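Novice: Here's my sequence, what's the structure:
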Amino acid sequence: MVIGALLAMSLSSWGDVYPKIEASFNILSLATDPFDYTQTDVRVQVAQPDGTTNSLPAFFDGGTTWRVRHTPALSGLYQVAGVTLNGQALTVSNLQPVSWTVSGWPASPGFVRVDPTNTNRFITSNGRRYFPLGHDVAWDVTSTTNVVGILARLGAAHENWSRIWMDDWDGKNLDWPRPGPLGQFSLTVAQKWDAIVAAAEQGGICFQMTLQYHGQYSSTVDPEWNSNPYNVANGGFLTNATQFFTNATAIALTERKLRYAVARWGYSPSIMAWELFNEVQYTDAAYAGLWNIVGAWHDQMARFLRSQDAYQHLITTSSDLSEPIWNQCDYYTHHDYPVDLISVLSNPPGIPTGEPVRPIFGSESGSDPTVYYGVSAPLWAGLMGAQSGAAQPWYWDRIDAEEDYLLLKAFSDFVSYAGIADQNGLTQSTPYVTCPESGSLMFSPGGGWADATQDTFTVGPVAPAGIGTLPSYLQGNYHRTMTPNGYTFLVNYPAGGGIFSVQAVTIAAAGAGLTITVDNTTTNSISWPSSGSDQNTNFTLTISVSAGPHTVKLWNPGLDWVNLGEITLDPYAPMLGAYQIGATNFAALWLWHRTNIYNPSATATLSGA
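Specialist: Here you go, the predicted structure:
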């Protein structure tokens, strides 16, 4: 523990780093489980050119073979000063090499950190700012659309970030399918991760290694609990998925896996962070409201990683910002799948109220209903959110199939040349645009099932501030306190007036209603009776609104919720939309054509000022 703390202090002053150095050796007649660090804690002492010695965890690599990996920050001579087993000196055989001479130019700017001078920003360990931009590449899709291959394409497109899952369906989970007794790890899987880490290093990509995902411990959302090796039905020891967060054996085996990951891949600056969970809100424990145990598990695992990780990688999770899973995390991430990408990603959820200021960005974004050639919209709209990184697209298979890397490269180069990473205190604004044509203004609530913290919105030429976190569930009598006042929009229609419409996407089983009033006068309404199950409807309720300022209110007089989709005002805004982020002596502007943004064969041009 002390060694890790001392090394973390020295790492904070590191600059650029050199490629890894590695040694292998054999331990003969080992009497303990080589995967169990509590019984077999093998460490290698590496003497460095500056006279310090690092004690690094070694990892078992089959047979009698062990390895240790280290990322040097200095040029000069490195030597193996000794090997220990559980703190006691150990004689090993076939140690090679016993020393390394590091020279030449560093290969990497170092490990990603939180900037101590601005805790809303990232830096690398050489003190340069880092702005994450890229896209998820969670798993292999086909033999040709695979993580290793796509990472090379990310690098060529000048992307610098990705997110990769330790899942079971494409051979990336160390203990699932089970390679032997519980607690044993597949070395074939480990070698696959070796190749992934090497590809990320080669491409200049820093990625979040997602260590757990919701389906493993869910019986309802992407459920895989029935095939989980920890399930008693499969020879495991848990009778339900919720026990994963509290069962002593599950905790011990999880810590064993984390320790192996740290020993084998912790050397690499290309691991931006250990991500403890993907969308933990969809596990059975979270669904049951047991956030106390989910939060305690996160705290324990984060502390454990810090006690083992000599390189002190960042730690994060995903993705419910309102629950107590962030206490020990270094930065926040959210996942965004709104109906309207532009309005929500340009106005993303922020740091939870009362929580420390840390970096925050969207580590997944997209919208299934949106035609896919709209990949530009989440990139540029997300940048206008003025967060600590880009809004990272999820659909890597479609990005790869459609060869969208030129779009990503253009975006990456803009961020780099503009110096976005070096800007502090960026704020959002909406420049006024004039053009000869008017078009539809469309936006949608970006929040989910939650209490409304804002219910009145002033609608200008772009989506109103706060719409990105507005709950899409407009509540009826059953949960009236969640959206007690309905939703009010202060509008100002151009000459000739227009329409105001709202889409109802889903209706609760118990029934619901939707009423639109203009200036306190009901103009249109609909009621849905009880149906026995939630119903998809995609119904659109429309009213006419005259020119000038008006107050438009949405209200649900029914029993239960109605899930709202897109809200449209037409005609309402200039055909050219604009967002800007800026600081003192800096501004970055994004202009888009409201009609052409999702039109793959657009030819019409439009001028504006």
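
Novice: Now do the helices in the stretch 151-300 of the chain.
Specialist: 187-203, 248-265, 284-287, 291-308 (DSSP state H, counting those that start in this stretch).

Novice: most packed of those helices?
Specialist: Of the helices of the stretch 151-300 of the chain, the one with the most neighbours on average (mean count of other C-beta atoms under 10 Å) is helix 284-287, at a mean of 21. Every C-beta, even on glycine, is put in place using the N, C-alpha and C of the backbone.

Novice: Residues in a beta bridge with residue 570, which ones?
Specialist: Here residue 570 sits in beta bridges with residue 499, as judged by DSSP bridges.

Novice: pretty sure it is touching residue 439, no?
Specialist: Yes: here residue 570 reaches residue 439: they are 7.3 Å apart, a contact under C-beta atoms under 8 Å.

Novice: How about residue 150, nearest residue that isn't a chain neighbour?
Specialist: The shortest distance from residue 150 to any non-neighbouring residue, by C-beta to C-beta, 6 or more residues apart in numbering, is to residue 137 (4.8 Å).

Novice: quick one, what contacts the one you found?
Specialist: If you count contacts by C-beta atoms under 8 Å, 6 or more residues apart in numbering, residue 137 has them with 147, 150, 151, 154, 162, 163, 164, 207, 396.

Novice: just to revisit the earlier point, residue 117 is nearest to which of the helices of the stretch 151-300 of the chain?
Specialist: Closest approach to residue 117 among these (C-beta to C-beta): helix 291-308, 21.9 Å.

Novice: Give me the contact list for that closest one.
Specialist: 1, 4, 57, 242, 245-246, 251, 254-255, 258-259, 262-263, 266, 274, 276-277, 280, 283, 285-286, 312-313, 315, 317, 323-329.

Novice: Now do it against helix 248-265, angle only.
Specialist: 40 degrees (axes from the mean of the first three to the mean of the last three C-alpha atoms, to 10 degrees).

Novice: Grab the most central residue of the protein for me.
Specialist: residue 363 (2.5 Å; C-alpha atoms, centre = their mean).

Novice: Would you confirm that that residue contacts residue 138?
Specialist: No: between residue 363 and residue 138 there is no contact under C-beta under 8 Å: 10.6 Å.

Novice: overlap in contacts of these two?
Specialist: residue 163.

Novice: residues contacting residue 453?
Specialist: residue 469.

Novice: Could you look up the SS state of it?
Specialist: coil (DSSP: H, G, I helix; E, B strand; the rest coil).

Novice: now residue 391
Specialist: Going by three-state DSSP: residue 391 is coil.

Novice: Return the residues in contact with it.
Specialist: If you count contacts by C-beta under 8 Å, 6+ apart, residue 391 has them with 336, 345, 348, 361, 362, 365, 378, 379, 381, 382, 383, 385.

Novice: cool, residue 476 as well?
Specialist: Residues in contact with residue 476 (C-beta under 8 Å, 6+ apart) are 508, 512, 513, 556, 557, 558, 559, 560, 561, 562.

Novice: Now the two most distant members of those.
Specialist: 508 and 557 (13.5 Å).

Novice: the domain parsing of this structure - what is it?
Specialist: Using automatic domain parsing, the domain parsing of the chain gives 18-102, 112-426, 438-574.

Novice: Quick check: end-to-end length of the longest one?
Specialist: Just to be clear, that refers to domain 112-426. In domain 112-426, first residue to last residue: 21 Å (C-alpha to C-alpha, to the nearest Å).

Novice: Direction included, what does the helix or strand containing residue 580 pair against?
Specialist: Element membership of residue 580, judged by DSSP states H and E, is strand 576-583. Partners of strand 576-583 in the sheet, by DSSP bridges, are strand 427-429 (antiparallel), strand 586-593 (antiparallel).

Novice: Can you tell me which of the ones you listed is most buried?
Specialist: strand 586-593 (a mean of 16).

Novice: Flag the helix or strand of this protein with the lowest per-element mean pLDDT.
Specialist: When the helices and strands of the chain are scored by mean pLDDT, DSSP states H and E, helix 2-11 comes last with a mean of 36.

Novice: Provide a list of residues in contact with residue 87.
Specialist: residue 41.

Novice: How about residue 331?
Specialist: 114, 122, 273, 314, 316, 358, 359, 360, 361, 388.

Novice: Skipping its backbone neighbours, what lies nearest residue 148 in space?
Specialist: Residue 148 sits nearest to residue 199 (C-beta to C-beta, 6+ apart), 4.5 Å away.

Novice: just residue 528 next, same as before
Specialist: residue 507 (4.6 Å).

Novice: hey, what's that neighbour bridged with?
Specialist: Going by DSSP bridges, residue 507 forms beta bridges with residue 535, residue 562.

Novice: what do you get for residue 517?
Specialist: residue 522, residue 553.

Novice: Residue 550 is in contact with that one, correct?
Specialist: No: using C-beta under 8 Å as the test, residue 517 is too far from residue 550 to be in contact (10.0 Å).

Novice: pLDDT weak spots in this protein?
Specialist: 1-14, 368-374 (pLDDT under 70).

Novice: so what's residue 586 bridging to?
Specialist: Residues in beta-bridge contact with residue 586 (DSSP bridges): residue 583.

Novice: With residue 345 as the reference, measure out to it.
Specialist: 21 Å (C-beta to C-beta, to the nearest Å).

Novice: cool, residue 260 as well?
Specialist: With C-beta to C-beta as the criterion, residue 260 and residue 345 are 37 Å apart.

Novice: before we move on, the earlier item: let's have the strands paired with strand 576-583 in a markdown table, adding distance to residue 451.
Specialist: Formatted as a markdown table, the strands paired with strand 576-583 follow (distance: least, C-beta to C-beta, whole Å):
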| stretch | distance to residue 451 |
| --- | --- |
| strand 427-429 | 24 |
| strand 586-593 | 32 |
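
Novice: right, and those strands - which one's nearest residue 132?
Specialist: Of all the strands paired with strand 576-583, strand 586-593 comes closest under C-beta to C-beta, at 16.8 Å.

Novice: Which residues does that closest one contact?
Specialist: By C-beta under 8 Å, 6+ apart, strand 586-593 touches 342, 377, 380-381, 383-384, 418-420, 423, 426, 431, 433, 575-582, 602, 606, 608.

Novice: filter those to the buried ones?
Specialist: 342, 377, 380-381, 383-384, 420, 423, 426, 433, 575-582, 606 (16 or more other C-beta atoms under 10 Å).

Novice: Quick check: next helix or strand after the strand or helix carrying residue 398?
Specialist: Element membership of residue 398 [criterion: DSSP H and E] is helix 396-401. Using DSSP H and E, the helix or strand that follows helix 396-401 towards the C-terminus is helix 405-418.

Novice: neighbouring contacts of that following helix?
Specialist: Here helix 405-418 has contacts from 131, 133-135, 153-154, 156-160, 375-376, 379-380, 383, 390, 399, 421, 588, using C-beta under 8 Å, 6+ apart.

Novice: any idea how far it is from the chain center?
Specialist: 20 Å (C-alpha atoms, centre = their mean, to the nearest Å).

Novice: Buried ones in that helix, by neighbour count?
Specialist: 405, 407, 408, 411, 412, 414, 415.

Novice: Tell me the one among these nearest to residue 219.
Specialist: The closest of the buried residues of helix 405-418, once distances to residue 219 are taken by C-beta to C-beta, is residue 408, at 37.0 Å.

Novice: count of neighbours near the closest residue in space to residue 602 that isn't next to it in sequence?
Specialist: The shortest distance from residue 602 to any non-neighbouring residue, by C-beta to C-beta, 6+ apart, is to residue 596 (3.7 Å). Residue 596 is flanked by 15 other residues according to other C-beta atoms under 10 Å.
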